[in-house]
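Student: just need the structure, nothing else, for what follows:
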Amino acid sequence: MHALWFLVFVSFVLWFGTAAYCQESLVVDSGAEQFVLTKIRSIQVPADLRPNGRRLLAENSNGHFSVVGVKGGVQYFNLDTDESKICRGPKNGHYARVAMSQAGETIAGYKDGTITIWDAKTCRTIANINSKVEKDILLSPEGDYLFFNQSQPTVWDVRRNRKTHEFGLLRAGVDPRTTRLSSSLSKLVTADFASHGGVIAISYYYWVVVWNLKTGEAEQIFSDPNIARDRIAQNGIYRVTFNADGRLLATSGLDGQVKIWNVSSAGLISTMDIEDKVWGRTVFSEDSKHIATTGSKGRLSVWDIQTGEKKWLASANNRIPNFSDTKVALVSTEDGKVRDLSTGREIEGLVGEFLPNGRFITNESDGNVSVWTISRR
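Tutor: Have a look, this model is predicted:
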């Protein structure tokens with residue numbers, strides 16, 4: 001009798017688990033392939049954060065935590081706990097530039113000459129920095145440093161609430177006078193933090209310097225010899241991007257070329273001619289075998305890093321592309337469309353956007369955003 005009751009109990013548990021799984025899962029059949037989406041949770045998102053239903057969730061996200069600029073500050077989302085709150089700043093307008101540490105402990109926003117740094121857990125203001133930012137603001141993965149460009153590259157020590165070392169070309173051993181640049185070109189200075197922390201790459205027109213943030217010393221210096229020194233405003237480096245382990249660095253330029261460099265040797269690995277000014281983003285795949293770029297004409301290119309061969313081209317509407325994990329091998333493109341990484345073929349029935357850790361987010365008809373994991377069946 002006990003054995004019979006035990007079998008009934010196990011059967012009920014299995015039935016309930018299967019029913020729950022079906023309620024929270026979705027199978028997308030795309031020809032010869034099937035994809036299983038398993039919902040993690042739904043998050044309520046204000047309507048003004050989703051103009052025309054295209055923006056989805058975030059301007060800056062690491063897949064677990066996310067922030068968007070709102071009027072008077074930034075809105076913080078914890079995608080693991082469904083927590084949401086607004087951190088208020090000293091400005092009343094819309095905060096168009098935001099940043100977040102990978103650990104989700106520190107967030108920052110910029111509006112009208114003021115950068116505000118908050119503790120994400122409490123929304124306590126850590127610092128208000130007076131600065132006219134030329135381009136993006138950027139937090140290091142652990143949240144200890146903030147980068148911004150105020151006519152010269154500046155790194156702010158968040159914990160000590162002060163500037164760190166000077167990070168100019170002269171300090172790196174390069175005479176900046178040889179570049180013959182005007183201050184109007186300071187917008188070309190850009191940076192990216194390595195994922196392991198304590199290292200930042202800063203581009204100076206056609207130079208790239210990899211700095212140790214703790215010592216302020218230059219660990220590597222290299223330049224792009226193919227950039228015409230008298231036409232830097234037209235073809236200088238506009239973005240730099242580390243891969244996941246910090247061993248590779250991509251430089252994207254206004255000349256329409258993306259180059260992959262070995263950080264330790266400063267050697268050039270490959271060059272990709274995308275025939276488009278790279279005002280958009282450059283993103284490595286998780287396994288660092290591919291790179292996706294968006295340019296000024298709204299096109300997305302996916303490339304093989306080792307060969308420099310273009311795999312496919314699609315319209316991207318300047319959205320920031322993100323790869324799924326390597327097992328699923330998909331990339332999100334224009335208006336939430338999803339394409340197969342290898343072929344560029346659109347996967348019908350998948351409409352959403354990948355976050356950097358492979359999670360998938362979709363808009364729902366009730367105004368919520370759903371967070372999913374996705375796998376290939």
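
Student: C-alpha from now on. contacts and neighbour counts both.
Tutor: Fine.

Student: can you list the weak-confidence ranges in this structure?
Tutor: 1-23, 46-59, 175-187, 227-235, 275-280, 316-321, 325-328, 333-335 (pLDDT under 70).

Student: how near is Arg239 to Asp224?
Tutor: The spacing between Arg239 and Asp224, counted by C-alpha to C-alpha, to the nearest Å, is 13 Å.

Student: between the two, which is the more surrounded one?
Tutor: Arg239 (24 against 15; other C-alpha atoms under 10 Å).

Student: residue contacts, Lys311?
Tutor: With contacts defined as C-alpha atoms under 8 Å, 6 or more residues apart in numbering, Lys311 is in contact with Ser301, Val302, Trp303, Asp304, Ser342, Thr343, Gly344.

Student: now swap in Glu309 and tell me
Tutor: Met272, Trp303.

Student: swap the cut-off to 7 Å and go again
Tutor: With contact set as C-alpha atoms under 7 Å, 6 or more residues apart in numbering, Glu309 has these partners: Trp303.

Student: and it, backbone torsions?
Tutor: In terms of degrees, to the nearest 10, the main-chain angles of Glu309 are phi -80, psi 140.

Student: look up the closest residue to Phe167, ignoring the ones flanking it.
Tutor: Leaving aside its chain neighbours, Phe167 sits nearest to Pro153 (6.3 Å; criterion: C-alpha to C-alpha, 6 or more residues apart in numbering).

Student: if we can go back for a sec, filter the contacts of Lys311 down to the buried ones, PyMOL style.
Tutor: To isolate in PyMOL the members of the contacts of Lys311 that are buried, counting by 16 or more other C-alpha atoms under 10 Å, one can use:
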select buried, resi 301+302+303+304+344
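
Student: and Ser223, how far from His165?
Tutor: Look at Ser223 and His165: by C-alpha to C-alpha, they are 22 Å apart.

Student: between those two, which has more neighbouring residues?
Tutor: Neighbours per residue (other C-alpha under 10 Å) separate Ser223 from His165, with His165 holding more: 17 against 14.

Student: pretty sure that one is in a helix, no?
Tutor: No. His165 is assigned coil when assessed by DSSP: H, G, I helix; E, B strand; the rest coil, not a helix.

Student: list the contacts of it.
Tutor: Gly216.

Student: and it, how close does it get to Thr362?
Tutor: 42 Å.

Student: identify the bridge partners of the residue nearest to Glu83 when sequence neighbours are not counted.
Tutor: Spatial nearest neighbour of Glu83, excluding adjacent residues (C-alpha to C-alpha, 6+ apart): Phe77 at 5.8 Å. Counting by DSSP bridges, Phe77 forms beta bridges with Ser66, Ser84.

Student: got the contact list for Phe77?
Tutor: Counting by C-alpha under 7 Å, 6+ apart, Phe77 touches Phe65, Ser66, Val67, Glu83, Ser84, Lys85.

Student: so which of those is the closest to Ala314?
Tutor: Ser66 (26.6 Å; C-alpha to C-alpha).

Student: Gln257: neighbour count?
Tutor: Gln257: 18 neighbours (other C-alpha under 10 Å).

Student: just checking, it touches Ser270?
Tutor: No. Judged on C-alpha atoms under 7 Å, Gln257 makes no contact with Ser270 at a distance of 10.3 Å.
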